[in-house]
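Engineer: Sequence and predicted model, in that order:
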Amino acid sequence: MNLNGVEYVPKRMFGKDAYFINRNMFTGVHLSSIFLRLSPEDREEALSLEGIIEYEPRSGLVMREYVVLSYSILSNKLLLTDLFQKSIRYVSSLPPKEPKKKK
């Protein structure tokens with residue numbers, strides 16, 4: 001995936017890589033899957049596609065704005081590019097997340 005021109009920050013989460021725009025996570029790797037953050041409308045549309053499911057990093061913990069992409073989605077370059085663009089556009093529109101205060 002080409003992220004040229006996108007200002008993002010990589011961080012380690014869940015023992016794997018995750019990527020942030022304005023301190024808001026937009027994509028990452030969990031186990032052997034890639035997840036994306038989407039707007040509620042785009043998420044609903046994405047979940048109607050075969051090969052996209054809700055992101056549940058732990059049993060019972062569904063991350064409401066995130067979806068997991070199956071291999072069939074990852075191998076569809078046009079669809080994958082569209083989903084990443086939607087994720088980047090949505091997360092870029094969010095206000096910057098405040099850094100956590102040190103205790």
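Structural biologist: Now that the structure is in, tell me what you want to look at.

Engineer: what about residue 54, which helix or strand?
Structural biologist: Taking DSSP states H and E as the criterion, the element that holds residue 54 is strand 52-58.

Engineer: right, I mislabeled it, should have said residue 91
Structural biologist: Taking DSSP H and E as the criterion, residue 91 maps to helix 77-93.

Engineer: so the residue nearest the centre of the chain is in which element?
Structural biologist: Nearest to the mean C-alpha position of the chain, by C-alpha atoms, centre = their mean, lies residue 36 at 1.8 Å. In this structure, residue 36 sits in strand 33-37 according to DSSP H and E.

Engineer: which of the residues in the very next helix or strand once past that strand are buried?
Structural biologist: For strand 33-37, the following helix or strand on the C-terminal side (DSSP H and E) is helix 40-47. Neighbour counts over helix 40-47 (16 or more other C-beta atoms under 10 Å) mark 42, 43, 46 as buried. In short, each C-beta sits where N, CA and C put it, glycine included.

Engineer: May I have the least confident helix or strand in the chain by mean pLDDT as CSV, with CA atoms only?
Structural biologist: One helix or strand of the chain scores below all others by mean pLDDT, DSSP states H and E: strand 9-13, with a mean of 89. Provided in CSV are the C-alpha atoms of strand 9-13 (Å, rounded to 0.1, in the frame of the first residue of the first chain):
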residue,chain,number,x,y,z
VAL,A,9,3.4,7.7,12.9
PRO,A,10,4.1,4.0,13.4
LYS,A,11,3.8,2.5,16.9
ARG,A,12,3.9,-0.9,18.4
MET,A,13,0.5,-2.2,19.6
